[in-house]
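Peer 1: have a look at this prediction, sequence included:
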Amino acid sequence: MTNTVNEIQLSYKPNRDFTENYKITSSRDAFLLLERVFNPDTICLREEFVIIYLNRANRVLGYYKAFTGGLASVVCDTKLILAVALKSMASGIILAHNHPSGSLEPSEQDKSLTRRVKAACQNLDVELLDHLILGADGGYFSFSDESLI
């Protein structure tokens, strides 16, 4: 009898034109990118959770539309968030989700998730730079700007 072990292969091919030109230096920069990522036709319909992955110079490696929820919530998996960070060799991440209600105020669940992801990031040498909440009206809330990270 032969024992076999599954081989795990990792690959990542960045779009150099994009990553060399898009650097995030503020919550506003992140918001402007996220405005292009979130679907304007569904931003009032359901919550979605997106993560931006950055290199050490805060240049965007890419984004991942990780989770889709319902009208009032979305379930997020910290392992998946960090698995993509490790696969892409990201040094920093920015979390983002929308509130279909239009309210930009973070819920207790939003704050708890941010704390959990931050703690997990610290163990893997990945920096949680911000967590943005987007509203349908073009506004946003930044955990970093409000000193909640």
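Peer 2: Yes, it's here.
Peer 1: just how off-centre is stretch 46-63 within its chain?
Peer 2: A distance of 5 Å separates the centroid of the chain from that of stretch 46-63, by C-alpha atoms, centre = their mean, to the nearest Å.
Peer 1: also stretch 81-95?
Peer 2: With C-alpha atoms, centre = their mean as the basis, the distance from the averaged C-alpha position of stretch 81-95 to the chain average is 9 Å.
Peer 1: start at 508 instead
Peer 2: Yes, from this point I'll number from 508; that puts the last item at stretch 588-602.
Peer 1: list the contacts of it.
Peer 2: The set of residues external to stretch 588-602 that reach it, using C-beta atoms under 8 Å, 6 or more residues apart in numbering, is 517, 519, 531, 537, 556-563, 565, 568-569, 571, 573, 620-621, 624, 627-628, 631-639. Any C-beta I mention is one placed from the backbone N, CA and C, and that applies to glycine too.
Peer 1: packing partners for the helix or strand where residue 648 lies?
Peer 2: Using DSSP states H and E, residue 648 sits within strand 647-649. If you count contacts as 3 or more C-beta pairs under 8 Å, 6 or more residues apart in numbering; DSSP states H and E, strand 647-649 packs onto helix 534-544, strand 634-641.
Peer 1: what about burial for the contacts of stretch 588-602, which qualify?
Peer 2: Neighbour-count burial (16 or more other C-beta atoms under 10 Å) applied to the contacts of stretch 588-602 gives 531, 537, 556-562, 565, 568-569, 571, 573, 620-621, 624, 627-628, 633-639.
Peer 1: redo the helices and strands packed on strand 647-649 as JSON lines? Include mean pLDDT and distance to residue 581.
Peer 2: Listed next are the helices and strands packed on strand 647-649 as JSON lines, based on pLDDT from 0 to 100; distance: least, C-beta to C-beta, whole Å:
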{"stretch": "helix 534-544", "mean pLDDT": "95", "distance to residue 581": "15"}
{"stretch": "strand 634-641", "mean pLDDT": "97", "distance to residue 581": "12"}
